[in-house]
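Asks: let me see the structure of the following:
(chains A and B)
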Number of protein chains: 2
Amino acid sequence: MKLNYSKRMDGIKASEIRELLKLTQQPEIISFAGGLPAPELFPVEEIKEMSMKVLEDMGTKALQYGPTEGYDPLREKIAKRMKKYGVETDMKNILITSGSQQGLDFTGKIFLDKGDVVLCESPSYLGALNAFKAYEPKFIEIPTDDDGMNMEVLEKVLKTTDNVKVLYLIPDFQNPSGRTWSVERRKKVIELANKYNLPIVEDNPYGELRFEGNMPPSIKSFDTEGRVIFLGTFSKTLCPGFRLGWTCADYEVLNKYILIKQGSDLQASTFSQMILDRFLTEYDLDEHIEKIKSVYSKRRDLMIKTMREEFPEDIEFTVPEGGLFTWVTLPESINARDLATKCIEKKVAFVPGGSFYPNGGNENTLRINYSNMDEERIVIGVKRLAESIKEMI
Amino acid sequence: MKLNYSKRMDGIKASEIRELLKLTQQPEIISFAGGLPAPELFPVEEIKEMSMKVLEDMGTKALQYGPTEGYDPLREKIAKRMKKYGVETDMKNILITSGSQQGLDFTGKIFLDKGDVVLCESPSYLGALNAFKAYEPKFIEIPTDDDGMNMEVLEKVLKTTDNVKVLYLIPDFQNPSGRTWSVERRKKVIELANKYNLPIVEDNPYGELRFEGNMPPSIKSFDTEGRVIFLGTFSKTLCPGFRLGWTCADYEVLNKYILIKQGSDLQASTFSQMILDRFLTEYDLDEHIEKIKSVYSKRRDLMIKTMREEFPEDIEFTVPEGGLFTWVTLPESINARDLATKCIEKKVAFVPGGSFYPNGGNENTLRINYSNMDEERIVIGVKRLAESIKEMI
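Replies: Numbering: from 1, shown residues only, chains lettered A, B, ... in the order given. All right, here's what the predicted structure looks like:
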């Protein structure tokens, strides 16, 4: 028996990362593969306390249905937190989603008809590409450098391409490259979006995890026309297990996201939202983020230092100022998928970079995560990775 | 500024129920509108205890990412619970979703191209229709009676219609009608689905809430070819605040749902899944369901009794053997949306039935929920509703 699936299903494959994650649940694997936060930093005791209080004070409400938009006190706190990104907004412009991933899926549903064009950074976040693929778009990749997307190329593409519907960007500690956009490029991209009447989806899961320097204003902070849809999440700053993120957009646009949320899964978990809200009331999330940053920045330092020491000379990698990832470019003769197979034998995992290019190619790249492994394992893992690379040169 | 949305957005409107729910959060409203379970029956203390234990014993795991398929011990327990529905299955055929609503959205994504046909009961669940609408299908409504869908009409439609892709059914205490399919029709619908190579989506949120008689075997229990996709949820038997449901299907089909879950929101909340799993380990959910049933059946009895006493003679309504709803048919001269406006002035809410017909019409119907209001409010509410009806005759 073979059922008739929709045409979109032809283009949908398992995320290489999620498949790798299964492998990496074996404790002996040193995993640089996922974008997993360090679990030892989760405030388990505090969350236990908050769970108690929520169930004691408002148990029946916490376990009941709630509004699609989300739990109002939490929406209000998120609206205030948007000031960190240079955005003045209020609760009516915030929708609570199941992680920021859900905001990506909704973006596809809201903007993309079959054959429409998504413009994205090259490389770009695999999970976003997969979410968009369900709506059968074409992807045009715009080249990037250390300051973000190439604005000349972007403008040329905008001038010559029909049916561009979404501009998808990760300006802070980009996934997978770890790079951050300059302020100048942020201003320029808004200018172009205004000119071509395009929505920008600004995906920002890592911005608050900055180890040094100042946080640049978000692209949304330069948006005077309500065309930037900002996606945030608590998965990296608190914990992913609640599946809580948010979409911030002008109400006219956000209302489409709310409608889609209704049909998709009615609402986010009332219980999780109330616990998170209580946590934000009784504890200082920023103080908690400081702890995370101090651990992650040490791990980044050690990873970069070990890569410098162990990698052959012609291997390039980015040195991110925050976030979770560094991005490695091998000589073109080395295929990172083959390297991954070799490394798994040595109990080391990473994500081959080819998956981050929607139109293929660039098989000599890889993404390395440094947030999830302790310092000892980082050193051992990088050494094994370097050995494997040397064996392939 | 006006952004260019996808064409599908033209067909998507706010669910009347969700909008009503906002109104009905005012405590003075007697609401027969939502499908809300009775919050006073939620096992708050037990869930508090389970939350504690989960965070004490496996806190870091509970707050971390987990596999897309769901938490294995919970999947295993659900697979075993499927025996209640006459289905022998195992964990690999279970995906944890964000309520059963998410299974409906995924169904649309997996099976529907623009213009494809969904066959559904007339009337059918509004939330499913809204979820499917995002994939731009046509709906053909098949008439129903007290034994379920009319099989002669179904066969005629199948014979004469191209591009039928999904058969969407709610065989147990149907939403909105409260009716249950006979075993004969269940067998017949499988026979037709086999003949026309169609998937059946069997949506069963209420089946375990049976007040009298025996639970009929599910449609899936008669499925020998792996074409029934069964959607279940804990929202009505435990609580909706966790947002936990499941999809049960043969692995080849389920794998499509898993792929779509990845792109949509990665996974269900690890934390909620572990609490639910622990609850199912340490407590007897069936015992808890007995409590719910004894309360709901009294409410149903009282609602039906009061409707019999207070309603004018020519008003018809169903007498469900379980679930949450009764379905009222007014004389054709009365528009239930006008009645709803009148009732809201008297602080009584219900859902006008027209919304449950994807192709419109039947504006003289309404859905009445009896699970969420205490007995006193049921009597007062039905009396006010009866008054309003009399004023309109």
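Asks: domain ranges for chain A?
Replies: Annotated domains of chain A cover A:7-43+A:287-392, A:44-282 [automatic domain parsing].
Asks: start and end of the first one, how far apart?
Replies: Across domain A:7-43+A:287-392, the straight-line distance between its terminal residues is 40 Å, by C-alpha to C-alpha, to the nearest Å.
Asks: for residue A:333, grab the count of nearby residues.
Replies: By the criterion of other C-beta atoms under 10 Å in any protein chain shown, residue A:333 has 8 neighbours. From N, CA and C alone the C-beta is placed, and that goes for glycine too.
Asks: how about the contacts made by the nearest residue in space to residue A:353 that is not next to it in sequence?
Replies: Spatial nearest neighbour of residue A:353, excluding adjacent residues (C-beta to C-beta, 6 or more residues apart in numbering or on different chains): residue A:365 at 2.8 Å. Shown in contact with residue A:365 (C-beta atoms under 8 Å, 6 or more residues apart in numbering or on different chains): A:123, A:327, A:328, A:329, A:330, A:336, A:352, A:353, A:354, A:356.
Asks: can I get those in CSV with secondary structure and pLDDT?
Replies: Putting the contacts of residue A:365 into CSV (DSSP: H, G, I helix; E, B strand; the rest coil; pLDDT from 0 to 100) gives the following:
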residue, secondary structure, pLDDT
A:123, coil, 98
A:327, strand, 98
A:328, strand, 98
A:329, strand, 98
A:330, coil, 97
A:336, helix, 96
A:352, strand, 95
A:353, helix, 96
A:354, helix, 95
A:356, helix, 97
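Asks: including neighbour count, could these go into CSV?
Replies: Listed next are these as CSV, based on neighbours: other C-beta atoms under 10 Å in any protein chain shown:
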residue, neighbour count
A:123, 23
A:327, 22
A:328, 24
A:329, 18
A:330, 23
A:336, 25
A:352, 22
A:353, 25
A:354, 19
A:356, 28
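Asks: nearest to residue A:84, of those residues?
Replies: residue A:327 (25.4 Å; C-beta to C-beta).
Asks: who does the closest one bridge with?
Replies: Beta bridges link residue A:327 to residue A:367 when assigned by DSSP bridges.
Asks: same thing with residue A:231?
Replies: Judged by DSSP bridges, the bridge partners of residue A:231 are residue A:203, residue A:247.
Asks: I'd say it and residue A:247 touch.
Replies: Yes - here residue A:231 reaches residue A:247: they are 5.8 Å apart, a contact under C-beta atoms under 8 Å.
Asks: shared neighbours of those two, anything?
Replies: Shared contacts of residue A:231 and residue A:247, counting by C-beta under 8 Å, 6+ apart, come down to A:97, A:100, A:103.
Asks: between those residues, which sits nearest chain B?
Replies: Nearest to chain B, judged by C-beta to the nearest C-beta, of the shared contacts of residue A:231 and residue A:247 is residue A:97 at 7.7 Å.
Asks: what about the closest one, how many residues nearby?
Replies: Counted with other C-beta under 10 Å, the neighbours of residue A:97 add up to 29.
Asks: tell me the phi and psi of it?
Replies: phi -120, psi 170 (degrees, to the nearest 10).
Asks: surely it touches residue A:261?
Replies: Yes - at 6.9 Å, residue A:97 counts as touching residue A:261 under the criterion of C-beta under 8 Å.
Asks: list residues touching both of the two?
Replies: Common neighbours of residue A:97 and residue A:261 (criterion: C-beta under 8 Å, 6+ apart): residue A:106.
Asks: list the contacts of residue A:270.
Replies: Counted by C-beta under 8 Å, 6+ apart, residue A:270 has contacts A:61, A:62, A:63, A:64, A:65, A:66, A:71, B:240, B:241.
Asks: in TSV: those residues, plus secondary structure, distance to residue A:109 and pLDDT.
Replies: Converted to TSV, the contacts of residue A:270 look like this (DSSP: H, G, I helix; E, B strand; the rest coil; distance: C-beta to C-beta, whole Å; pLDDT from 0 to 100):
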residue	secondary structure	distance to residue A:109	pLDDT
A:61	helix	30	97
A:62	helix	29	98
A:63	coil	29	98
A:64	coil	27	96
A:65	coil	22	95
A:66	coil	22	93
A:71	coil	23	98
B:240	coil	23	97
B:241	coil	25	97
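Asks: of the residues you listed, just the buried ones, PyMOL syntax please.
Replies: A single PyMOL command selects the buried members of the contacts of residue A:270 (16 or more other C-beta atoms under 10 Å in any protein chain shown):
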select buried, (chain A and resi 61+62+63+64+65+66+71) or (chain B and resi 240+241)
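Asks: closest one to residue B:140 among the domains of chain A?
Replies: Short answer: domain A:44-282, nearest of the domains of chain A by C-beta to C-beta, at 20.0 Å.
Asks: what's the span of the closest one, first residue to last?
Replies: Rule used - C-alpha to C-alpha; the end-to-end distance of domain A:44-282 is 14 Å.
Asks: stretch A:250-263 close to chain B?
Replies: Yes - using C-beta under 8 Å from any C-beta of the partner chain, we find that stretch A:250-263 touches chain B at A:253, A:256, A:258, A:259, A:260, A:262, A:263.
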